[in-house]
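Participant: Generate a structure from the sequence data that follows.
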Amino acid sequence: MVTEGDTAPTFTATVGTSDHEPFDLTDRLGDGPVVLAFFPGAFTPPCTNEMIAFQERADEFEAAGATLLGLSADSPFSLGAFRDEHGIEFDLVSDMAGEAIRAYGLEMDIADLGLHGIANRAVFVIDDGGEVVYSWVADDPTNEPDYEAVLSAAESA
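Facilitator: Residues are numbered from 1 along each chain as shown. Okay, the predicted model is just below:
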């Protein structure tokens, strides 16, 4: 599992829109801190709450020079619909192949719901040099992060 002080694993995926835009984390590094928020699944109550909470603080993250990114194993189409329905303006990244989820050590199953290979809820703040300066991984995927701690880490990065 990735922790503070580690070099953030880079990965490629797809931006969560119907346009299937390519995403490469390397392209986002070096222009202020990156907040990478992994979540289990779009349209579930805890994930909706989390992404809306980040959207409500988007101006504060922008003032800190930070780029907010949400990431899940959902399809680009699902993430696009999720963004539209909830007014989420930052990019959501579709990791259907699980490359990023595995690289960060977050792969989990919720067998009762038929979900396999999804991301545990976690947040990483990555500085300009690609170092993880903040790491939080949920003990229970229904838990949400401490948004003020994430913002503070982004402001300090």
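
Participant: rest of the way, CA atoms for contacts and neighbours
Facilitator: Will do.

Participant: Now for residue 12, how many residues are close by?
Facilitator: For residue 12, the neighbour count with other Cα atoms under 10 Å is 17.

Participant: Could you find the closest non-adjacent residue to it?
Facilitator: Excluding its sequence neighbours, the residue lying closest to residue 12 (Cα to Cα, 6 or more residues apart in numbering) is residue 24, at 4.4 Å.

Participant: If I look at that neighbour, what pLDDT would I see?
Facilitator: For residue 24, the pLDDT comes out at 96.

Participant: Looks like it contacts residue 15 (just checking).
Facilitator: No: with contact defined as Cα atoms under 8 Å, residue 24 does not reach residue 15; the gap is 9.3 Å.

Participant: of the two, who's got more company?
Facilitator: More neighbours surround residue 15 than the other of residue 24 and residue 15, with 25 against 14 (other Cα under 10 Å).

Participant: residues contacting the more buried one?
Facilitator: Residue 15 is in contact with 21-23, 76, 91-94, counting by Cα atoms under 8 Å, 6 or more residues apart in numbering.

Participant: so how far is residue 99 from the residue nearest to residue 12?
Facilitator: Applying Cα to Cα, to the nearest Å, the value for residue 24 to residue 99 is 12 Å.

Participant: Give me the common contacts of the two.
Facilitator: By Cα under 8 Å, 6+ apart, the residues touching both residue 24 and residue 99 are 11-13.

Participant: nearest to residue 128, of the residues you listed?
Facilitator: Taking Cα to Cα as the measure, residue 128 sits nearest to residue 11 out of the shared contacts of residue 24 and residue 99, at 16.1 Å.

Participant: how deep is the closest one tucked in, by neighbour count?
Facilitator: If you count neighbours by other Cα under 10 Å, residue 11 ends up with 15.

Participant: Contact partners for it?
Facilitator: Residue 11 sits next to 24-26, 99-100 when contact means Cα under 8 Å, 6+ apart.

Participant: Is residue 100 in a helix, a strand, or coil?
Facilitator: Here residue 100 is recorded as helix under DSSP: H, G, I helix; E, B strand; the rest coil.
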